[in-house]
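Participant: missing the sequence, but the structure's below:
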């Protein structure tokens, strides 16, 4: 209770008590005056001592209240001065008017009064006066959080060094799980005697173990060609900075033994549970293997990064997988009511040829098969004209609208020459059925048809037509093909291998031999692939703008407002690759649809797929492309910046 109220309450009660007592004494004196006088004297004496006690009480109370106020004021001053929080007041001109000792100690000065606020805290520059928020600053080894109260022209400064240190430590010690796999151990060591194999494996294992010790990686061998690794986030960042040098070390080591043994890794890190991290690590490994191996796929939260991928995928000597996939495809076709086949939009020769091959498999199984076609690429115009003249084959080509009407849950959707749902002729078709088969020779990208029933992806293959041809060889012993069907498949192989000069292995020639035995007409292929004089002149017009950078890279940027088809851009990149001293080529041009297209080609020393992925596209190690909105100048600058970055990271042709 406040002091003045307490005094008034106490005094009022005493007055009332003495008033009542006085009245009673006067009444008593009327009947017994002697007793009344005695009572009056007693009342006077009692009143004297009561008043004296009241004065003493008031004096003690005032003294106590005065002392308490002083203590509270002193405690308040001490709290402001001793608080582990900085308080700073400034005026409208942002000049410091007052601060507590914490702020002075923080900046290492006795006083900041009169100094400019923005000079003390440059991070506040550019902030509007009405902006309320928190910012972080670093002074020496300490980290502070500054909270701005513009209406009061007040700053609160808190030392968050301990919190930040703990947070950084938590992030650095987060667990990452990875799987290392030797891509082609069986193929590489096939034919080696036990002693040579043991010596070579001991060297590879020693190299991996030494690498693990260098970066503090826990390594556990789970199979002859597989390792489990555990590493914290700090170590993972160091590995990313080193670009996973173990890939190059193992590859160089095995090349000395006339082998080509490579490693692939899948690593997952994040806030997921250990079970989820393990699954993500396996998915990342599948991604790395799907892109041809000899690389690392790192999944951190939503970010997926790739490292390595310098070497081409190694051709598998055994055809066991082709036979197994062929029989599985045969069973899938038998269980469905119809087969819907589609490649990417504006299909090329490889896409159409592979689709015709799968169509043949459906007809051999006595099932209806249809090829979904949306738009005709100029490169296949002559082939499509030939198909339109063939009544037996022409009737199985339908539009996306027709395919939507006949597709149901019992249909089998076959995707050829791509594995990205966004690139197929009609993405909605994939949602109408749960039965999907994907066959592709491109390196796997982040986008993928996840719920596919059967997947056949082999980046070592020259083309999708090669893969489909191998499937047909094991599909049915009595399979016979028409001339146009075999020719279309062989044409796809010829186009993607540049007439058997690039990405060609023994199995490529075996597939071509099978098609020739089944009636493929090489002279018809030559007629289908002929180009007119106008296209040749346009290609020369593009090539004349080429310049050589990094000694081995040809870069051609066409003139503004000159539009060329994507086919012609790709042909120009192929032509540049045939020039002496050129190991990679890039052609940038405006397209008729208004987009800027880039085609990239390589002989294998430079992974152009990685370059195009950084620009939003994709493709293969030696063949990639992208397109986007913008200008030729912006596209060229972005491409050069990426090449500069790659050259600084690992060298373009080391």
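Facilitator: Perfect, thanks for sending it. Everything numeric here is computed off the predicted structure, so don't read it as measured data.
Participant: any weak-confidence spans in the stretch 401-550 of the chain?
Facilitator: Under the criterion pLDDT under 70, no range of the stretch 401-550 of the chain is flagged.
Participant: what are the boundaries of the helices in it?
Facilitator: In the stretch 401-550 of the chain, the helices defined using DSSP state H, counting those that start in this stretch lie at 464-475, 483-496, 506-517, 522-528, 533-543.
Participant: buried residues in the fourth one, which are they?
Facilitator: Within helix 522-528, the residues that qualify as buried are 524, 525, 528, counting by 16 or more other CB atoms under 10 Å. All C-beta spots, glycine's among them, are computed from the backbone N, C-alpha and C.
Participant: tell me if I'm right that residue 364 and residue 481 touch.
Facilitator: No: the pair residue 364 / residue 481 is not scored as a contact, 9.6 Å apart, by CB atoms under 8 Å.
Participant: those two - which one has more neighbours?
Facilitator: residue 481 (22 against 18; other CB atoms under 10 Å).
Participant: contacts only, for that one.
Facilitator: 360, 472, 515, 518, 519 (CB atoms under 8 Å, 6 or more residues apart in numbering).
Participant: same check on residue 124?
Facilitator: Here residue 124 is in contact with 117, 118, 135, 146, 148 (CB under 8 Å, 6+ apart).
Participant: among the residues you listed, find me the one that's closest to residue 221.
Facilitator: Nearest to residue 221 among those, counting by CB to CB, is residue 135 at 49.5 Å.
Participant: what number of residues lie near that closest one?
Facilitator: Other residues close to residue 135 by other CB under 10 Å number 14.
Participant: what helix or strand does it sit in?
Facilitator: strand 133-139 (DSSP states H and E).
Participant: which other residues reach that strand?
Facilitator: 106, 107, 121, 123, 124, 143, 144, 145, 146, 147, 148, 160.
Participant: against residue 296, how distant is the residue nearest to residue 474 when sequence neighbours are not counted?
Facilitator: Among residues not flanking residue 474 along the chain, residue 326 sits closest, at 3.9 Å (CB to CB, 6 or more residues apart in numbering). Here the criterion is CB to CB, to the nearest Å. By it, residue 326 lies 32 Å from residue 296.
Participant: more neighbours, these two?
Facilitator: Counted by other CB under 10 Å, residue 326 and residue 296 do not tie: residue 296 has more neighbours, with 26 against 20.
Participant: related to what we said a few turns ago, residue 322: which of the helices of the stretch 401-550 of the chain is closest?
Facilitator: Among those, helix 464-475 comes nearest to residue 322, with 4.4 Å by CB to CB.
Participant: got the contact list for that closest one?
Facilitator: 319, 322-323, 325-327, 329-330, 350-351, 353-354, 357-358, 360-361, 364, 416-417, 439-441, 456, 458, 461, 479, 481, 489-493, 496, 507-508, 511, 514-515.
Participant: keep only those of those that are in strands.
Facilitator: If you go by DSSP state E, the contacts of helix 464-475 have 416, 439, 440, 456 in strands.
Participant: gap between the two ends of stretch 167-187?
Facilitator: End-to-end distance for stretch 167-187, by CA to CA, to the nearest Å: 47 Å.
Participant: buried set for that stretch?
Facilitator: 174, 176, 177, 178, 179, 180, 181, 182, 183, 184, 185, 187.
Participant: ok so, going back, from the contacts of residue 481, which is closest to residue 644?
Facilitator: residue 515 (44.2 Å).
Participant: in contact with that closest one, which residues?
Facilitator: Residue 515 touches 469, 481, 486, 487, 489, 490, 493, counting by CB under 8 Å, 6+ apart.
Participant: just give me the neighbour total for residue 125.
Facilitator: Residue 125 has 9 neighbours, counted by other CB under 10 Å.
Participant: give me the below-cutoff pLDDT ranges for the protein.
Facilitator: 1-16, 18, 25, 28-29, 36, 59-82, 126-133, 256-258, 309-318, 650-654.
Participant: quickly list the domain ranges of it.
Facilitator: The chain resolves into domains spanning 3-81, 85-164, 173-308, 320-528, 538-650 when parsed by automatic domain parsing.
Participant: what is the end-to-end distance of the second one?
Facilitator: This points to domain 85-164. Domain 85-164 has an end-to-end distance of 16 Å (criterion: CA to CA).
Participant: what's the distance between the nearest residue to residue 333 once chain neighbours are set aside and residue 579?
Facilitator: Nearest residue to residue 333 in three dimensions, chain neighbours excluded: residue 365, at 4.5 Å (CB to CB, 6+ apart). Distance, residue 365 to residue 579, using CB to CB: 47 Å.
Participant: who has more neighbours out of the two?
Facilitator: residue 365 (18 against 13).
Participant: show me the contacts for the closest residue to residue 498 other than its chain neighbours.
Facilitator: Using CB to CB, 6+ apart and skipping the chain neighbours, the partner closest in space to residue 498 is residue 574 (6.5 Å). Applying CB under 8 Å, 6+ apart to residue 574 gives the contacts 498, 585, 601.
Participant: centroid-nearest residue for this structure?
Facilitator: Central residue of the chain (CA atoms, centre = their mean): residue 303, 2.2 Å from the mean position.
Participant: and that one, backbone torsions?
Facilitator: Main-chain dihedrals, residue 303, degrees, to the nearest 10: phi -90, psi 130.
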